[in-house]
Structure formats: structure tokens, C-alpha cells
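In: With the input below, show me the fold.
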Amino acid sequence: MNFDLPEKFSEWRHDQDKAVLRALDSPKRFVVLALPTGAGKSLVYMAVAKMAGVRTAFLTATKNLQAQLTDDFTSCGLVDIRGGNNYECVESRPKQGELFKVVSCDHGHCRGGSKCGKLEGGCLYFDQVKKAIRSDLVVTNYAYYMAKQSGEDTLGDFKMLVMDEAHDSVDELGSFVGAKLDQYAVRMLCHTDLLRADSTLDQWRTWAQDLNRRLASEIQHLKQSLKLGLVGDWRASMRHLKQLERLQHEIAKVAGLQGEWVCDVQREGSERRIVAHLDPVWPGEYAEGALFRRIPKIILTSATVRPKTLELLGIDPADVDFIDFPSVFPKERRPVIHVNTVRVDKNIDAGDRKLWVAKIDAIIRARTDRKGIIHTVSYERARFIFDNSNFRDYMLMHETRTARDIMELFKRGDAPLILLSPSMTTGVDFPYDQCRYQIIAKIPFPDTRNKVMAARTHEDPTFGHYIAMQTLVQMAGRGMRAADDMCETIIVDDHAKWFVPKWRQFAPRWFMESYSSVGMVPSPLRLAPAPALDKI
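Out: Purely as a prediction, here's the structure:
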């Protein structure tokens, strides 16, 4: 293997060479590489880009993967670019006698109009943008890519697009297209209120069109004043301009909305601010303009990407080459087992709740020599398990703001230790002794109280099952990260009896070949090393 790839990639793992050749040889615009956990997706698509010799953008959904790709492939020319909030604003560094406060480029007082945007070495962010524009290999995240390529100053044209974590691309697209309006910002900057929650889409559109005109006029006036030096406090005026531009960006989405959208007004955060979310029911109709952008070759890859993912992105099946690769991990080292327990849903009674926790305790009791994760789906269920389990002294539980710290504490800790969490489903890995067993306390059906989810499941009755299966498979993949790793996943929700077999088309092959349903809690897997494998 050569292709100017890093030295540590000296030979192919199983099926990597086949995946590279299939992607290169396929005449289809869209090539889907359904590569299971541990297959080495990043090397595959990097080799494809290098061999194709075309300018390529690599998209990720998490900063962790973006950083990993940068660490692995900087030596072959890969350039990482992120939003301005990831870079310190040099021009906003404190003057002599001022208190030090790090300000990001998103909140700095310069907008690239002076040395920041025009001279080399003037701004950490704009310098990195220039570097990315000059590079043939660029890695970024979905949100930044769509925002940047939809604006006037883009990263340039690409001939190939690689969508890693493709199972997340529908949500990423929906988040970009949809609008989020904060009552506080609207009131502070426009001296008006959000509309009532029961307002029609036509009323929202008319309201937004009026605000959009007012904001455009104010922004133009403020820019002219800044240009002519007619403002007293330059920094404060620049901050105000950025606030106006951010709000106008969201307002413009609402002003131009067409088709079927949903509005949901909620109170959010510790301050309980009123926030309106306006989202398209099906964001796929915006995929070409916001994401694909007429790029001739697009590679989608993920351990859980399915044909349904492509349907939701509005991709014509005739334009797709879908390649489903088997797992190289021995299935006896990664079992997914449903154990007869009770149905876990809103109708569960007190007696069944006790049986449910008792079954969880039975699983833990035989595994106190190792660490495990309990996926609870909700904080309420996490709290109930913690309050009623006989093994609560082994458990670590977190809130949203403490999730990262508690996760790191769990990774570093010694057995017996149990991470009790509703949110460790994607973007985090627990290889080897960090996690040897997982308990899925509930099948993760989506919450249809969310208006967008309710609208989607009403129009497409299979949509909720697709989302649930995607989440379930992602949970199962957190603890098994290599062929010589070992992690068992045990489901204690009897909805699995009908759900998994009925909706198996939404699960990858490697998941279904590991799945079984039993009556009794299985004995723990024996902690023994895997046999030596060559070129796994």
C-alpha cells in the first residue's frame, strides 16, 4: 500500500481493498459503503480520494472524528477547518490593563474586513480558511460545510464528497435547513415578540418577511456607519452587527419557507427561554442545494446506513450503488441477546418495574468482575434504576452538563463500575476493558410528542421504527471496537420480541447475525483473548 498514506497503514484489513475498488469503479453518482464497526472506514475513503486524484471534502458529524482524521492524515495533505468559534480572535485580545478573556472569532470584533481576511497571519480562522481553499483534501463537519458552501465565500468546488457517519446526515441536513428563534434575541434586537404557538405557517412567513426587511435595512445602515467610522465603540458595534446577522439568517429561512413545515414553541434551558423551532417535515428535498451541490461523486459510509437513509435524503435508488460488507468480528464475541423480561413503556406498572430492575440486577450480579453500561433512553428511567438497584454503589449517573466528565471517570475507573446513561449512543467508544457488557433497558422508540417526529411518523408509519433501529444498533456498537475485543449486549425490554424481527430491514447484516432471544439471563462471556488474526 502506498498512495502517500501514513506509514502506520502498511496493509489492508479485511475487505478494505474491495471497498476501495468498488467505490472507484462504480459508475453511480452515489456509492454507499455499509462498513461495520472496526472495518477501517477512514482509510478506505482516504485511499479512494488519493487514488481518484480529485479535490475531496470529508464530512463528519462529531468533532472527535474530525480530530481523529486530522491526526491520522495531516501528513498526506488533509486540512481541518471548523467554525469561527473554534479559533481565538487575535484582534480581541485584551489591551494592557484589561482582564484576560478568550474571545472566539465568532464573537470577536473583526469580520475579515481588515487584516483578518486579507493578510496572511492576520487571523487564526481566516488563515485556516485560506489553507483549506488551497488544499485538495478538506475535512470539516456537516454544519460548517453547508453553511460555508451556501454563502458567498465558499471553500471552492469539490469533485468528490465523503459523508462519514451518514446515518446522521438526515438530522444534520434538517438542523441546517430549519430555523431556531429565541424570544429573547427577537425582543432585544427587533423589539417584538415571537408569534403564538398556534399561529399558522402563513402567519409565521408574513411575520418573518416583515422582520427580514427591517433587519436587512438596519444591517446595511450599520455596515455603512462602520465603513465611514461613524460609530463610537467599534467592538460593541461589530458585536451588534453579528447578532443582527445571525438573527436575520434564521428569520430569512422562515420568510422563504415553502412546502410542509412544522412549528414547535417550547421553553428551553435553565433560564426557560421561549424558543420557536420551525423545521421541514422532510428535509431531503433540500439535500441537493445544501449538501450534494452537484458534486459528481458522493460516498456515504457508516456502520448503520440503510437504503431508508437514502430515501430520506431524496436520493433516487437508480443513482445508488449500495455495498453491504460483513463484520470481521467473531459474532460469538459480540452477541446481542434479548432476555425475556417485561414490556417497558409508559403503561408499565409498579410490579413490572420491580421485575425489570430485578432482571437488570441479575445481569450485573454475574458480571461484577467487569465494567458495563446501561442504556436507559431517558433520565427518568436512569434515576429509577439507580434508586432501586442493589448495585447502585457501582453506578455512575450524569446530567446533560456532566456527561463528558462522568464518561471519562467511567473510562478511567476500575471494575466493578457501571455507567448509567440515556445518551451514550453515538460518537463515543468504550473498547476492551472500558466496557465488557451493555444492558439496553428499553427499545429506543422516538418521542412522538415532538411535533416534527409526530408529523413524520404520521405520514410514514415506518419512520419511527427506522429511527429506533438506528439508535438500537448504535447502542450495540459502543463496546465492541476490534476483532480481539469482546462485549455482550443484553436487551431487557420485551418489545424486542416483535420489533427486531419485524424491522430487520432497518438493521445491518452484522447486527442481525449477532441477535438472539432467550428466556434466562445468559452466563457472562469468558474473558479470554481472541486467537491471533492476520490482516483483520
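In: which secondary structure element contains residue 38?
Out: Assessed by DSSP states H and E, residue 38 sits outside every helix and strand.
In: from memory residue 37 sits against residue 303, does it?
Out: Yes: between residue 37 and residue 303 there is a contact under CB atoms under 8 Å: 5.0 Å. All C-beta atoms are positioned from the backbone trio N, CA, C, and that covers glycine.
In: Now the common contact residues for the two.
Out: Residues within reach of residue 37 and of residue 303 at once, by CB atoms under 8 Å, 6 or more residues apart in numbering, are 477, 510.
In: just the strands in the stretch 201-350 of the chain please.
Out: Here the stretch 201-350 of the chain has its strands, by DSSP state E, counting those that start in this stretch, at 261-268, 273-280, 297-302, 320-324, 336-339.
In: ok, the shortest one: who's next to it in the sheet?
Out: Paired with strand 336-339 in the same sheet, following DSSP bridges, are strand 488-491 (parallel), strand 515-518 (parallel).
In: Report the buried residues of stretch 197-214.
Out: Neighbour-count burial for stretch 197-214 flags 201, 204, 205, 207, 208, 211, 212, 214 (criterion: 16 or more other CB atoms under 10 Å).
In: Dump these into CSV; add distance to residue 395 and pLDDT as well.
Out: CSV is the format used below for the buried residues of stretch 197-214 (distance: CB to CB, whole Å; pLDDT from 0 to 100):
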residue, distance to residue 395, pLDDT
201, 46, 93
204, 45, 96
205, 49, 96
207, 48, 97
208, 47, 97
211, 49, 96
212, 50, 96
214, 53, 96
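In: if you look at the residues you listed, which of them are in helices?
Out: Using DSSP state H, 201, 204, 205, 207, 208, 211, 212, 214 are the members of the buried residues of stretch 197-214 that sit in helices.
In: Now do the contacts for residue 421.
Out: When contacts are counted by CB under 8 Å, 6+ apart, residue 421 touches 373, 374, 375, 376, 382, 397, 398, 403, 406, 407.
In: Which strand residues bridge it?
Out: Applying DSSP bridges, one finds that residue 421 bridges with residue 375.
In: mind listing what residue 185 touches?
Out: By CB under 8 Å, 6+ apart, the neighbours of residue 185 are 243, 247.
In: about what we covered before: could you single out the most deeply buried of the strands of the stretch 201-350 of the chain?
Out: For the strands of the stretch 201-350 of the chain, ranked by mean neighbour count under the definition mean count of other CB atoms under 10 Å, the leader is strand 297-302 at a mean of 24.
In: Just the CA atoms of that strand, as CSV, please.
Out: Extracted in CSV, the C-alpha atoms of strand 297-302 (Å, rounded to 0.1, in the frame of the first residue of the first chain):
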residue,chain,number,x,y,z
LYS,A,297,-19.1,11.6,-6.9
ILE,A,298,-20.6,11.1,-3.4
ILE,A,299,-19.6,8.4,-1.0
LEU,A,300,-21.8,7.7,2.1
THR,A,301,-20.4,5.4,4.8
SER,A,302,-21.5,4.3,8.2
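In: circling back: and which of the contacts of residue 421 is nearest to residue 129?
Out: Nearest to residue 129 among the contacts of residue 421 is residue 403, at 31.3 Å by CB to CB.
In: May I have the phi/psi pair for the nearest residue to that closest one once chain neighbours are set aside?
Out: Closest residue to residue 403 apart from its sequence neighbours, by CB to CB, 6 or more residues apart in numbering: residue 423 at 6.0 Å. Main-chain dihedrals, residue 423, degrees, to the nearest 10: phi -130, psi 10.
In: can you list the weak-confidence ranges in the protein?
Out: 1-3, 92-102, 108-121, 527-536 (pLDDT under 70).
In: can you list the domains in it?
Out: Domains of the chain are assigned by automatic domain parsing as 16-177+283-324, 179-280, 331-518.
In: Now do the contacts for the residue positioned nearest the centre of the chain.
Out: Nearest to the geometric centre of the chain sits residue 61, at 4.2 Å (CA atoms, centre = their mean). By CB under 8 Å, 6+ apart, the contact set of residue 61 is 141, 142, 164, 165, 168, 169, 172, 426, 427.
In: Just the closest of those residues to residue 451, please.
Out: residue 172 (19.6 Å).
In: can you give me the helices in the stretch 1-150 of the chain?
Out: For the stretch 1-150 of the chain, the helices defined by DSSP state H, counting those that start in this stretch cover 16-25, 41-52, 63-73, 115-118, 124-134, 142-149.
In: Tabulate the ones you listed (JSON lines), appending mean neighbour count and distance to residue 277.
Out: Shown next, in JSON lines, are the helices of the stretch 1-150 of the chain (neighbours: other CB atoms under 10 Å; distance: least, CB to CB, whole Å):
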{"stretch": "helix 16-25", "mean neighbour count": "18", "distance to residue 277": "37"}
{"stretch": "helix 41-52", "mean neighbour count": "22", "distance to residue 277": "32"}
{"stretch": "helix 63-73", "mean neighbour count": "16", "distance to residue 277": "23"}
{"stretch": "helix 115-118", "mean neighbour count": "16", "distance to residue 277": "33"}
{"stretch": "helix 124-134", "mean neighbour count": "18", "distance to residue 277": "28"}
{"stretch": "helix 142-149", "mean neighbour count": "20", "distance to residue 277": "16"}
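In: Endpoints of stretch 172-184, how far apart?
Out: From its first residue to its last, stretch 172-184 covers 25 Å (CA to CA, to the nearest Å).
In: could the strands of the stretch 201-350 of the chain go into TSV alongside distance to residue 33?
Out: Putting these into TSV (distance: least, CB to CB, whole Å) gives the following:
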stretch	distance to residue 33
strand 261-268	33
strand 273-280	28
strand 297-302	4
strand 320-324	6
strand 336-339	23
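In: Out of the ones you listed, which gets nearest to residue 453?
Out: That would be, of the strands of the stretch 201-350 of the chain and by CB to CB, strand 261-268, which comes in at 9.3 Å.
In: can you map out the strands along the stretch 51-200 of the chain?
Out: Along the stretch 51-200 of the chain, the segments classed as strands by DSSP E, counting those that start in this stretch run 56-60, 78-80, 137-141, 160-163, 179-182.
In: returning to what we had before: which one among the contacts of residue 421 gets closest to residue 277?
Out: residue 403 (22.4 Å).
In: So the closest one: helix, strand or coil?
Out: Three-state call for residue 403 (DSSP: H, G, I helix; E, B strand; the rest coil): helix.
In: Just give me the neighbour total for it.
Out: 16 (other CB atoms under 10 Å).
In: Now do the contacts for it.
Out: Residue 403 neighbours (CB under 8 Å, 6+ apart): 421, 423, 424.
In: Identify, from the residues you listed, the entry nearest to residue 122.
Out: Using CB to CB, residue 423 comes nearest to residue 122 of those, at 39.8 Å.
In: Could you give the number of residues near the closest one?
Out: Quick note: residue 423 (other CB under 10 Å) scores 17 neighbours.
In: repeat for the one 5 residues further on
Out: Counted with other CB under 10 Å, residues neighbouring residue 428 total 16.
In: now residue 91
Out: 18.
In: Next: residue 245.
Out: Residue 245: 14 surrounding residues under other CB under 10 Å.
In: ok, now residue 174?
Out: By other CB under 10 Å, neighbour count at residue 174 equals 19.
In: Same question for residue 150.
Out: Neighbour count for residue 150, taken as other CB under 10 Å: 13.
In: isn't it right next to residue 290, touching?
Out: Yes: with contact defined as CB under 8 Å, residue 150 reaches residue 290; the gap is 6.2 Å.
In: shared neighbours of those two, which are they?
Out: With CB under 8 Å, 6+ apart, residue 150 and residue 290 have no common neighbours.
In: Of the strands of the stretch 201-350 of the chain, which is nearest residue 42?
Out: strand 297-302 (9.1 Å).
In: And that closest one, what does it pack against?
Out: If you count contacts as 3 or more CB pairs under 8 Å, 6 or more residues apart in numbering; DSSP states H and E, strand 297-302 packs onto strand 30-34, helix 41-52, strand 160-163, helix 307-312.
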